[in-house]
Every structure is written in structure tokens, then in C-alpha cells.
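> Give the three-dimensional model of this entry:
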Amino acid sequence: MITGEVLGLLVAGVVAGVVSTVVSLASIVSYPALLAFGLPPLTANVTNTVALMFTGVGAAVGSRPELEGQGGRVLRLGWVTALGGAAGALLLLVTPARTFELIAPWLIAGASLLLIRRPAVRPGGEHGVLFRVALFVVSIYIGYFGAAGGILMFAVLSGFLDQPPAKLNAMKNVLSGLANAVAALGFALFGPVDWGAALPLATGFLLGGWLGPKIARRLPGQSLRYLAAGCGVAVAIKLGYDSYVS
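Model prediction:
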């Protein structure tokens, strides 16, 4: 790739990394950027997924204050999301994506509405079976389809853990990152990844993932929750139009 394309993807990665860690919508920036630089849709999709796992790394480093004392929880829940991401990637390799394209708008809209009107924390918390099942299902979605998967993860965490939004967002970034990383590993081994595009994009994701938590922790009160919810509703409308009308 020429220098201009490398710089363009680096900048796109930084912006997408920030957007990912704050409102969980990295691919609305990075995927179109890859298409704009001439990658075919399938190659752009798997390249984006592989590069996106570096957002989780950057977010984990940038979220150290919010993640302090949460190491045990990450370990207890991380294996659930990793298995879900692997299951989702496997499903993607053997089934058409049309089914998820049809249900994704409803999932994202429902999760966004839950963020606007947060329900009471459910009994059992992080140790409940229902919580583990919900995490696993959302992680399958992230590994399979991915669009706004972080918003779904944020909604699940909000419904089961009594934590401030900034801490939930940091946990969301790490757990979603694990699900995405497992899926990305499969795509790196078996998918048509364009490594010339993946490397500068991944570098940008790493930087943006590090910067994003610094922005998120400065948002007042519940504004992070409402911002994510508003973006989620907008994405649900767009995906619904593409799936049912276009």
C-alpha cells in the first residue's frame, strides 16, 4: 500500500477505536474505510475483524482505573465470551449471514431501549446462570455478525452488574474484545485477510482504544449510557432499512 493509504487507514483506525470504546460502533468507520481503499466486501470484513481485536488491547490499557480489582471477574466471565466468539465464528463459516441480518436490528433496538430505561439488577448477578447464558449468546453474535455487538454486551452487563457506567463500559470493552479476538484468530488462519491494510488499521485501533476510555470517564452521569443507546437505535434503524426495505 502507498503511504497515503497507510496514513488514511491509521487515522480511520484511531477514530474507529475511539468510537468503539465509547459507543461500540467501530465498524461504521473502519469497514467503509476499507471498502473506500478498494478491498472487496469479504476481505474488508475479515480484515476489519482481525484488526479490531487491537481495540480491546488498547482499551484494557486505557481503562486500568476502571478495571482495578476486576481481574477475577474478567477471568470468570472471559472464558464465556471467548467460547461464544469461537462459536459465532464457526457458525459464520458454515451458515449464511442472512438470518442474523434479519434479527440484528431487533436485537440492537431492544438492547438500546434497555440502556435508556435500565432495569433493576437481576438476582444472581455475575454468578447467575441466566447472566452466563446471556453473555454467551451476545458473544456468539459478536463472533458471527458483530454490528453494535458492544451495545448488546453493555446492555447485558447493565442488567446484571450494579456498577457505574464507566466501569461497565471498561468491562464491556475487555469482554467484547475477547470474543472478537477468538473470532479474529479463526479468520486470520482461514480468511482472506489483507495484511497490508490490517497492520495500519490495527495500529490505529490500538491508539484509539487507548484514548477512548479517557473520553468515556469524563462523560457526566449517565450520559455514556444514553449516548450508546442513541447510537444503537440509529444503527438498528439503518440495519433494519437495509435488511427489510433495500
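
> I'd say Gly208 and Thr21 touch.
Yes. Counting by CB atoms under 8 Å, Thr21 is a contact partner of Gly208 at 7.2 Å. No exception for glycine: its C-beta is placed from N, CA and C like everyone else's.

> which residues do those two both contact?
55, 58 (CB atoms under 8 Å, 6 or more residues apart in numbering).

> C-alpha coordinates for stretch 32-49, PDB please?
Output in PDB follows, covering the C-alpha atoms of stretch 32-49 (Å, rounded to 0.1, in the frame of the first residue of the first chain):
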ATOM      1  CA  PRO A  32     -16.400   1.700   4.900                       C
ATOM      2  CA  ALA A  33     -12.700   3.000   5.000                       C
ATOM      3  CA  LEU A  34     -11.500  -0.500   3.900                       C
ATOM      4  CA  LEU A  35     -14.100  -0.500   1.100                       C
ATOM      5  CA  ALA A  36     -13.000   3.000   0.100                       C
ATOM      6  CA  PHE A  37      -9.400   1.800  -0.300                       C
ATOM      7  CA  GLY A  38     -10.500  -0.900  -2.700                       C
ATOM      8  CA  LEU A  39     -10.900  -4.000  -0.700                       C
ATOM      9  CA  PRO A  40     -13.700  -6.400  -1.700                       C
ATOM     10  CA  PRO A  41     -16.500  -6.800   0.900                       C
ATOM     11  CA  LEU A  42     -15.500 -10.200   2.300                       C
ATOM     12  CA  THR A  43     -11.800  -9.200   2.500                       C
ATOM     13  CA  ALA A  44     -12.800  -5.900   4.200                       C
ATOM     14  CA  ASN A  45     -15.000  -7.800   6.700                       C
ATOM     15  CA  VAL A  46     -12.400 -10.300   7.900                       C
ATOM     16  CA  THR A  47      -9.600  -7.700   7.700                       C
ATOM     17  CA  ASN A  48     -11.600  -5.400   9.900                       C
ATOM     18  CA  THR A  49     -12.300  -8.200  12.400                       C
END
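
> which of the residues in it are buried?
33-34, 37, 39, 43-49 (16 or more other CB atoms under 10 Å).

> How about the strand or helix carrying Ile215, which residues are buried there?
For Ile215, the enclosing helix or strand under DSSP states H and E is helix 195-216. By 16+ other CB under 10 Å, the buried positions in helix 195-216 come out as 197-213, 216.
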